[in-house]
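> A predicted structure for the sequence below; I have some questions about it.
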Amino acid sequence: MFEQYDALIFDMDGTLVDSMPLHLDAWQITSDEFQLAFDRELVNSYGGIPTRKIVAMLAEQQGVTIDVEAFTRRKIALYLQHISEVSVFPTMAELVKAQYGKIPMGIGTGAPRDQAQQILHTTGLAAFIPVLVSADDVQNHNAQPRYLPQSAELLGVDPHRCLVFEDTEIGI
């Protein structure tokens, strides 16, 4: 099925795992606490961009001053309270298990490494996907993403020969 590719590379949040509702719930609560107008669809469309960058963008768009670091810490703390509830999308779980051992697989995510690793271990995906490139591993997150070339390099394949799974326009 994937013979024409040398590797599969997955975005994590919203593509491989169903974590976006938990992120968005944490965003809603934190936005209310910091009196930042919150648009669930807009923030969802920014998937793959680190929280602190989104907060700064939203604050600038809304013309308000926000303590970006305090907002980010609070949003992450709320998300982490529920991180164990993250699940793998069933179709993606089937795909990963079916391709395991047949084609190399990696993950390129805008999530911090510690959060990504926790999700991969909690969901059991760590056993199937050995390569992880996180927000901590790249300079540019989604404007000029480095996830693909870095993931491909770690997998030992040409990035042009990879099939990438992504869920947001920013990521694409």
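Here it is on my side, so go on.
> With adjacent residues omitted, what lies nearest to R40?
Nearest residue to R40 in three dimensions, chain neighbours excluded: L24, at 5.5 Å (CB to CB, 6 or more residues apart in numbering). Bear in mind the C-beta positions are built from the backbone N, C-alpha and C, glycine included.
> Dump the helix or strand containing that neighbour to CSV, restricted to CA.
With elements taken from DSSP states H and E, the one containing L24 is helix 20-33. Output in CSV follows, covering the C-alpha atoms of helix 20-33 (Å, rounded to 0.1, in the frame of the first residue of the first chain):
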residue,chain,number,x,y,z
MET,A,20,-7.3,18.7,20.5
PRO,A,21,-10.5,18.8,22.5
LEU,A,22,-8.4,18.7,25.7
HIS,A,23,-6.1,21.5,24.4
LEU,A,24,-9.1,23.6,23.4
ASP,A,25,-10.8,23.1,26.8
ALA,A,26,-7.6,24.3,28.5
TRP,A,27,-7.4,27.2,26.1
GLN,A,28,-11.0,28.2,26.9
ILE,A,29,-10.5,28.2,30.7
THR,A,30,-7.2,30.0,30.5
SER,A,31,-8.5,32.6,28.1
ASP,A,32,-11.5,33.3,30.4
GLU,A,33,-9.1,33.6,33.4
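> how about the residue of the chain most remote from its centre, what does it touch?
Each residue of the chain has a distance to the centre, and by CA atoms, centre = their mean the biggest one is for G63: 27.4 Å. Listed by CB atoms under 8 Å, 6 or more residues apart in numbering, the contact set of G63 is empty.
> ok, now F34?
Contacts here follow CB under 8 Å, 6+ apart; on that basis F34 touches I66, D67, A70, F71, R74.
> where in the chain is pLDDT low?
Screening the chain residue by residue with the criterion pLDDT under 70, one finds the ranges 48, 139-146, 168-172.
> Tell me where it has strands.
Assigned by DSSP state E, the strands in the chain fall at 7-10, 17-18, 87-88, 105-108, 131-133, 162-165.
> Format these as TSV; extra columns: mean neighbour count and distance to E33.
Formatted as TSV, the entries for the strands of the chain read as follows, by neighbours: other CB atoms under 10 Å; distance: least, CB to CB, whole Å:
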stretch	mean neighbour count	distance to E33
strand 7-10	24	33
strand 17-18	22	25
strand 87-88	17	27
strand 105-108	27	31
strand 131-133	21	31
strand 162-165	18	34
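> between the ones you listed, which one is nearest to F38?
Minimum separation from F38 across these (CB to CB) falls at strand 17-18, 20.4 Å.
> packing partners for the closest one?
Strand 17-18 sits against strand 87-88, with contacts defined as 3 or more CB pairs under 8 Å, 6 or more residues apart in numbering; DSSP states H and E.
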